[in-house]
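K.L.:
Whatever this is, show me its structure:
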Amino acid sequence: MSPVKNIILACFLVLACVSASSSKEKKKIDWDKAIIVDVCSQWEFRQKHYPGAVNIPVDEIEGRIKELGKDKEKPIVVYCASGVRAQEAKETLNEKGFSNVRNAGSLEELMKDKNSELKY
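P.N.:
Predicted coordinates:
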């Protein structure tokens, strides 16, 4: 295969992977069944948090995973101040077999998403 065809094929594969991961992230969450997890520090959680959220700081997520229950398909929504720690928590939970985890980004983004649709 020519180098140009290889580059085109590689670009196509990358776009297909990005598209697939984006569509998974947009999967609707049933807010009535979801566990909302604030992965900020305890101090940040005391300052401001989503009502009903549980606080499991990102650096404690692996050791406190049992708090999320045995149902690894239950929807879990993680958030933090910016979404960076939430992404780290999401990846850890995915590695532990949780298949329905969503990074909502920041608290503000979570509130916007939840208020725009009851079922997201």
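K.L.:
quick one: the strands in this structure?
P.N.:
Under the criterion DSSP state E, the chain contains strands at 35-38, 54-55, 76-80, 101-106.
K.L.:
correct me, but Ile36 touches Ile56?
P.N.:
No. With contacts counted by CB atoms under 8 Å, Ile36 stays clear of Ile56, the gap being 10.8 Å. All C-beta spots, glycine's among them, are computed from the backbone N, C-alpha and C.
K.L.:
Which one's more surrounded, the two?
P.N.:
Ile56 (23 against 20; other CB atoms under 10 Å).
K.L.:
Give me the neighbour count for the closest residue to the more buried one other than its chain neighbours.
P.N.:
Nearest residue to Ile56 in three dimensions, chain neighbours excluded: Arg64, at 5.1 Å (CB to CB, 6 or more residues apart in numbering). Residue neighbour count, defined by other CB under 10 Å, stands at 13 for Arg64.
K.L.:
Per-residue pLDDT of Arg64, please?
P.N.:
Turning to Arg64, the model gives it a pLDDT of 97.
K.L.:
Next, work out how far apart it and Lys112 are.
P.N.:
With distances taken as CB to CB, to the nearest Å, Arg64 is found 28 Å from Lys112.
K.L.:
what do you get for Ala34?
P.N.:
From Ala34 to Lys112 the distance is 16 Å (CB to CB).
K.L.:
In terms of neighbours, single out the busier of those two.
P.N.:
When neighbours are counted by other CB under 10 Å, Ala34 and Lys112 differ, and Ala34 comes out ahead with 19 against 12.
K.L.:
residues contacting the more buried one?
P.N.:
By CB atoms under 8 Å, 6 or more residues apart in numbering, the contact set of Ala34 is 74-77.
K.L.:
ok, those vs Pro51, which is closest?
P.N.:
Nearest to Pro51 out of the contacts of Ala34 is Val77 (CB to CB; 13.2 Å).
K.L.:
Run through this structure and note the low-pLDDT ranges.
P.N.:
1-27, 115-120 (pLDDT under 70).
K.L.:
Okay, helices next: where are they in it?
P.N.:
3-25, 42-47, 84-95, 107-116 (DSSP state H).
K.L.:
Next, the buried residues of the second one.
P.N.:
Under the neighbour-count criterion of 16 or more other CB atoms under 10 Å, helix 42-47 has 44-45 buried.
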